[in-house]
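S.K.: Whatever this is, show me its structure:
(one chain, ligands or ions: 1)
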Amino acid sequence: MATRENKLYKGIVYRLTPIKEKDAMVSCIGQDGLFSFFARGVMNPTSSDFAACSVLSQSEFILNVSTQDALRLKEGTLIKNYRQEPNYSVAMASQGMLEALCKALSPEDASAFYPYVEKGFACIDEGKDPLTVLAIFLAKLLIVSGYGPTLDQCAECGKKSDIVAFSPSSGGLLCRECASELGIEKSPVELLKAIRAVFLVPLDKIGSFSISGAMILPLLSTLMVMVEESTGVLLKGVASLLKY
Ligand SMILES: [Zn+2]
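M.R.: A predicted model of the protein is given here:
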């Protein structure tokens, strides 16, 4: 007889993988990193665990741990669901965040990144500008993954003044001389400010500012290129958002 023990987990559901008709593997991110478990019957809307196991639910789960280290849901309790009423930018931002979580976050960075996941979805839920939150989310994901750019000096020569451009392939800001040597176009001052803002904002200040309409799409596009160049992952959902 296998020894079985129940453990309490808390996290945000970011993916549901249906198995057969009504069962699913539920993938979550929590304080201690990623975890996933098997949940019987949970695709059925009448299941008592349906809400707790829906994507973007933050829930507590009592999970049964078998000797094979496989986790099975015993009981789920919904704390909060971050899925919003249909609103184009909110839906796209949430989808972009989920896509980045599924594809670009490495499991060993999950625990360090969790506070940004919680804060990001909470800010969207509170009605903060969703595209700014998405931009911060991508910036912090890059930092946590070890791909944060150089923002206090020229990434090529180390010069602190006369910064005129940002280049994902150089890994940061560029001074006038290096930008012209590399044939990289000057970036608008507003864009350079926005890049600094989303990378440097402390966790508790996320939601305290929004990036202006004219700068948000160039900013997201820069961040998407950075994610692609550093992790090899193309965020298709974010890319489709940029077409509008
Ligand atoms: Zn330089």
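
S.K.: which bits of the protein sit near the ion?
M.R.: 154, 156-157, 159, 175, 178 (CB under 5 Å from the ion). All C-beta spots, glycine's among them, are computed from the backbone N, C-alpha and C.

S.K.: show me what contacts Lys119?
M.R.: Neighbour list for Lys119: 203, 206-207 [criterion: CB atoms under 8 Å, 6 or more residues apart in numbering].

S.K.: For my notes, please list the residues of the chain next to the ion in TSV and give pLDDT and secondary structure for each entry.
M.R.: What follows is the residues of the chain next to the ion, written out as TSV (pLDDT from 0 to 100; DSSP: H, G, I helix; E, B strand; the rest coil):
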residue	pLDDT	secondary structure
Cys154	97	coil
Glu156	97	coil
Cys157	97	coil
Lys159	96	coil
Cys175	97	strand
Cys178	97	helix
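
S.K.: any chance of the residues you listed in a markdown table, plus distance to Met25 and neighbour count?
M.R.: Formatted as a markdown table, these follow (distance: CB to CB, whole Å; neighbours: other CB atoms under 10 Å):
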| residue | distance to Met25 | neighbour count |
| --- | --- | --- |
| Cys154 | 47 | 23 |
| Glu156 | 45 | 20 |
| Cys157 | 49 | 11 |
| Lys159 | 51 | 15 |
| Cys175 | 49 | 21 |
| Cys178 | 48 | 22 |
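
S.K.: for this structure, what spans make up the strands?
M.R.: 5-19, 23-30, 33-39, 57-65, 71-81, 163-167, 172-175 (DSSP state E).

S.K.: will you turn these into JSON lines that also has distance to Glu126?
M.R.: Putting the strands of the chain into JSON lines (distance: least, CB to CB, whole Å) gives the following:
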{"stretch": "strand 5-19", "distance to Glu126": "16"}
{"stretch": "strand 23-30", "distance to Glu126": "20"}
{"stretch": "strand 33-39", "distance to Glu126": "25"}
{"stretch": "strand 57-65", "distance to Glu126": "14"}
{"stretch": "strand 71-81", "distance to Glu126": "12"}
{"stretch": "strand 163-167", "distance to Glu126": "29"}
{"stretch": "strand 172-175", "distance to Glu126": "32"}
